[in-house]
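Predicted model, plus sequence, below.
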Amino acid sequence: MKREITIPTSHPRFVSLMSRKKIVEGYKNGLVALEGLIAHGRGECFDYLIGEHSIESARSAADAAAAQMLISSYPIISVNGNVAALCSDLICALHRSIKKSMLEINLFYYSKDRESKIYSELAKYGVSEVFGTNPENLVKIPELESNRRLVDGDGIFRADTVFVPLEDGDRTLALRKMNKKIITVDLNPISRTSMTADITIVDNIIRAIPLLIDRIQYHQKNSTERELQRIIKSHDNKKGLQDALLTMNKVRENIIQ
Ligand code: ATP
């Protein structure tokens, strides 16, 4: 028997429950790997601890990320199953906001079927050219063992900046060793990805991408290249991660008092 539960908009955790619903549906529709459900749960836990809103240091990391994407010659936006299930619409809007950017599908738990489904999901939002789907174009990232060692020779391999939300640590490190600037979104401030990336936005991806688009649009209208460089230079990733941890600790202190 099919179980259909409607979540009332008045529910205090409506947004979180809707995301959970999207991830479960994504799993049933073949977009999300079984392991992706666990990764989502880990994210939810940290989101709870930051109070399910965008903290100040995440906003300033989004500002630096926007600047970094704008000064790049070839920024690539990496899409995995969880990202596609949660926010294909937002990812496609981000891609549209930076004309020179491209999308690439990159899966830790690869299957051709999942890749095609993610492609179809992105296509729903008007994107037709997506890297990572032509096996003849795939090349290896040095020093990586998993399937994620393969990236598109015309996409991530050539990129100067890679936006890799909800990424795993090994790949982030390998991409950094290839001298790419790495931007990530990760709710866990102590994940290897968060600590390895150049710019980490500690926020839920469904809030982080609108922030990022907002800053991109602002800088496109108002900022010079020199100002963008200054924003990037003054970004201190470690400080942002420390701030997220302190916020989590404050929430805990307030509850325990
Ligand atoms: P690492 O390898 O970087 O140490 P990990 O093993 O936890 O971390 P994965 O499980 O591959 O890495 O990545 C999932 C990461 O994404 C987790 O750190 C999780 O907290 C985070 N995450 C999950 N859902 C969201 C979300 N909706 N928004 C932002 N981050 C999320």
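Arrived safely, thanks for sending. Numbering: from 1, shown residues only.

residues from the chain in reach of the ligand?
Contact residues, the chain versus the ligand (C-beta under 6 Å from any ligand atom): 39-40, 42-43, 46, 86, 166, 168-169, 185-188, 191-193, 204-205. (Glycine included, C-beta is placed from N, CA and C.)

Out of these, which end up buried?
Neighbour counting by 16 or more other C-beta atoms under 10 Å classes 39-40, 43, 46, 86, 166, 168, 185-188, 191-193, 204-205 among the residues of the chain next to the ligand as buried.

how about the helices in the stretch 151-257 of the chain?
Assigned by DSSP state H, counting those that start in this stretch, the stretch 151-257 of the chain shows helices spanning 169-177, 192-196, 205-222, 225-234, 237-256.

Nearest to residue 127 among the ones you listed would be which one?
Nearest of the helices of the stretch 151-257 of the chain to residue 127, taken as C-beta to C-beta: helix 205-222 at 14.5 Å.

residues in contact with the closest one?
15, 19, 53-54, 58-59, 62-63, 65-67, 69-70, 83, 86-87, 90-91, 93-94, 97-98, 165-166, 185, 201, 203, 227-228 (C-beta atoms under 8 Å, 6 or more residues apart in numbering).

Give me the distance between the residue in the chain that the ligand sits nearest to and residue 235.
Nearest to the ligand, among the residues of the chain, is residue 43, at 2.4 Å (C-beta to the nearest ligand atom). From residue 43 across to residue 235, the span is 23 Å (C-beta to C-beta, to the nearest Å).

go on, residue 137?
Distance of residue 137 to residue 235, computed by C-beta to C-beta: 33 Å.

Tell me which of these two has more neighbours.
For residue 137 versus residue 235, neighbours defined as other C-beta atoms under 10 Å are more numerous around residue 235 (19 against 15).

How many residues are close by the nearest residue to that one once chain neighbours are set aside?
What sits nearest to residue 235 in space, not counting adjacent residues and going by C-beta to C-beta, 6 or more residues apart in numbering, is residue 64, at 3.7 Å. Applying other C-beta under 10 Å, we find 24 residues neighbouring residue 64.

mean confidence score for the helix or strand hosting residue 59?
In this assignment (DSSP states H and E), residue 59 forms part of helix 56-71. For helix 56-71, mean pLDDT is 98.

Which residues are in contact with the closest residue to the residue of the chain closest to the ligand other than its chain neighbours?
The shortest distance from residue 43 to any non-neighbouring residue, by C-beta to C-beta, 6+ apart, is to residue 187 (4.5 Å). Counting by C-beta under 8 Å, 6+ apart, residue 187 touches 42, 43, 46, 47, 50, 202, 203, 204.

How far off centre is the host helix or strand of the residue of the chain closest to the ligand?
Assessed by DSSP H and E, residue 43 sits inside helix 34-49. On the basis of C-alpha atoms, centre = their mean, to the nearest Å, helix 34-49 sits 14 Å off its chain's mean C-alpha point.

which residues sit against that helix?
Contacts for helix 34-49 (C-beta under 8 Å, 6+ apart): 16, 19-20, 23-24, 26-27, 80-82, 85, 108-109, 166, 186-189, 202, 204, 247-248, 251-252.

Alright, that wraps it up for me.
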